[in-house]
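Student: Quick one, what's the 3D model for this:
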Amino acid sequence: MPEKSFLERTRFVLTVLGGLYAAAIGLLAVPFFQSHVLYLNALRFPFFAKFDTPEKYGLSRAWFILSDQYYQALPQIPFNLDDHVYSAVERHPTILFFHGNAATRAFSARVMHYEAYSSRLGANVLAIDYRGYADSTGTPSEQGLVTDARAAWDWLIQRGAKEDDILLVGHSLGTGVVSQLAAELSDEGLRPRGIVLLSPFSSIREVLNTYQFFGLIPLMKPLAMVPYVPSKVIVRYACTGMLTLFIREDLITKALIHRFDSLGAVPRIQAPVLIAHAEDDWDIPHTHSVVLFDAFLKPYLPPLDLPEGLSVTQESWEKFWAQREAWTAKRTELLTITKLPNFGIVEQFEADGRKVVFVKTLAGGHDYLGVQEGVQDFIRTSFNVHRLTA
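Tutor: This next block holds a predicted model:
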């Protein structure tokens, strides 16, 4: 009897947990709940923030942070920073910073980014909150966030900033915003100084596929056992020598109203790019950055026709391996790979007049990757933001 009782209790607990999981997944299909889970804009850390007094958060009177070099060169402490915006953007590059979900521009981890970029990189920083965040009105949406980002870009241009003096920096959800903004600017023939993607993702759909609670428990794995979710999975031998899953549009994808398809925006982006990701990121695996970097590299590699079907002829197999060897040789020729002890690995290539860099660090987690001095140094050298002086 005790053994039966234990089994019954176990079955009951599993049933309850299964029901809660099913209910949670079902709610995610409802646009209202999906938006709140994705943006988490209701979590307004720090609570009761006074956005009209940035001094409270260690800044000097504004959410447009002057380059420290410019600020230190002033004869006295400025009381109206608006008078210095035009001069500052003329003399120093400006970082337009787009934060991730939850919290606000006053969150301590984000303020650390502004201060580091102003002092270590000598850049101005414009920090904004999207619609629905902090003291910004409205409701967040994918197009709404991109529109807000464009408004911030236009604000800088209207105050005299040159497009090649603006560096777009996005973190987490902000990388989805930056990718769409960069693609939009490229479509218009505008080219910022560079694009920095900190802890990026390839798309929201792939975030769902790879997200694990506490870095251990897969969010979507149980759904793999449910028919039509996904509807079909195709297994193919990828050119890296590993098995890759190509998942056709499924019920989950159809239910997504906010997609932030950064991978789809890659072919349109023409500006130089730096991608940075930490191996110990529990929120978004660094494999997302690998996919994005490979997408930037792909146009410069020879074609690779993967054998299809269950019946593969000797001729098609030999053709595939010949193409693979050519692909590998070209990739080796293009890439410069640097291993830095106790820091990580840096891969980069140059083509069509731009550089694309991938910095994979050993540490940094998700929220503090951008404040690592090593990452800042690669931003500095990749985009030459340290040579403009006041």
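Student: Just the C-alphas of stretch 154-164, formatted as CSV.
Tutor: The C-alpha atoms that make up stretch 154-164 are tabulated as CSV, following Å, rounded to 0.1, in the frame of the first residue of the first chain:
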residue,chain,number,x,y,z
ASP,A,154,16.4,60.9,-36.4
TRP,A,155,16.7,62.9,-33.1
LEU,A,156,20.5,62.5,-33.3
ILE,A,157,20.6,63.3,-37.0
GLN,A,158,18.5,66.4,-36.5
ARG,A,159,21.0,67.6,-33.9
GLY,A,160,24.0,67.4,-36.2
ALA,A,161,25.2,63.8,-35.8
LYS,A,162,26.6,62.2,-38.9
GLU,A,163,25.3,58.8,-39.8
ASP,A,164,28.9,57.3,-39.7
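Student: if you average pLDDT over it, what comes out?
Tutor: For stretch 154-164, the mean pLDDT works out to 97.
Student: And that stretch, what's buried?
Tutor: Residues of stretch 154-164 classed as buried by neighbour count (16 or more other Cβ atoms under 10 Å): 156, 159, 161. All C-beta atoms are positioned from the backbone trio N, CA, C, and that covers glycine.
Student: if I read this right, the last one contacts Val89, doesn't it?
Tutor: Yes. Ala161 lies in contact with Val89 (Cβ atoms under 8 Å); the separation is 4.0 Å.
Student: Next, Ala127: phi, psi?
Tutor: phi -110, psi 130 (degrees, to the nearest 10).
Student: nearest spatial neighbour of it, skipping sequence neighbours?
Tutor: Leaving aside its sequence neighbours, Ala127 sits nearest to Arg105 (Cβ to Cβ, 6 or more residues apart in numbering; 4.5 Å).
Student: The biggest helix by length in the chain: what's the following helix or strand?
Tutor: In terms of residue count, the longest helix belonging to the chain (DSSP state H) is helix 2-28. Following helix 2-28 in sequence order, the next helix or strand is helix 31-39 (DSSP states H and E).
Student: was I right about Ile195 contacting Leu185?
Tutor: No. Judged on Cβ under 8 Å, Ile195 makes no contact with Leu185 at a distance of 9.6 Å.
Student: Between the two, which contacts overlap?
Tutor: By Cβ atoms under 8 Å, 6 or more residues apart in numbering, Ile195 and Leu185 have these common neighbours: Ala271.
Student: So which of these two has more stuff around it?
Tutor: Set side by side, Ile195 and Leu185 show more neighbours around Ile195, with 27 against 23, by other Cβ atoms under 10 Å.
Student: helix, strand or coil for the more buried one?
Tutor: Per DSSP: H, G, I helix; E, B strand; the rest coil, the local secondary structure of Ile195 is strand.
Student: could you list every residue that touches it?
Tutor: Contacts of Ile195 by Cβ under 8 Å, 6+ apart are 167-168, 170, 178-179, 182, 269, 271-274.
Student: next one: Ser108
Tutor: 46, 57.
Student: Look at it and report its pLDDT.
Tutor: pLDDT at Ser108 comes out at 94.
Student: Number of residues surrounding the nearest residue to Glu347 once chain neighbours are set aside?
Tutor: Nearest residue to Glu347, sequence neighbours excluded (Cβ to Cβ, 6+ apart): Phe358, at 4.6 Å. Residues near Phe358, counting by other Cβ under 10 Å, number 27.
Student: So Phe358, which state does it fall into?
Tutor: Assigned state for Phe358: strand (three-state reduction, three-state DSSP).
Student: any idea how far Thr139 is from it?
Tutor: Separation of Phe358 from Thr139 (Cβ to Cβ, to the nearest Å) stands at 35 Å.
Student: With Phe201 instead?
Tutor: Distance from Phe201 to Thr139, by Cβ to Cβ: 22 Å.
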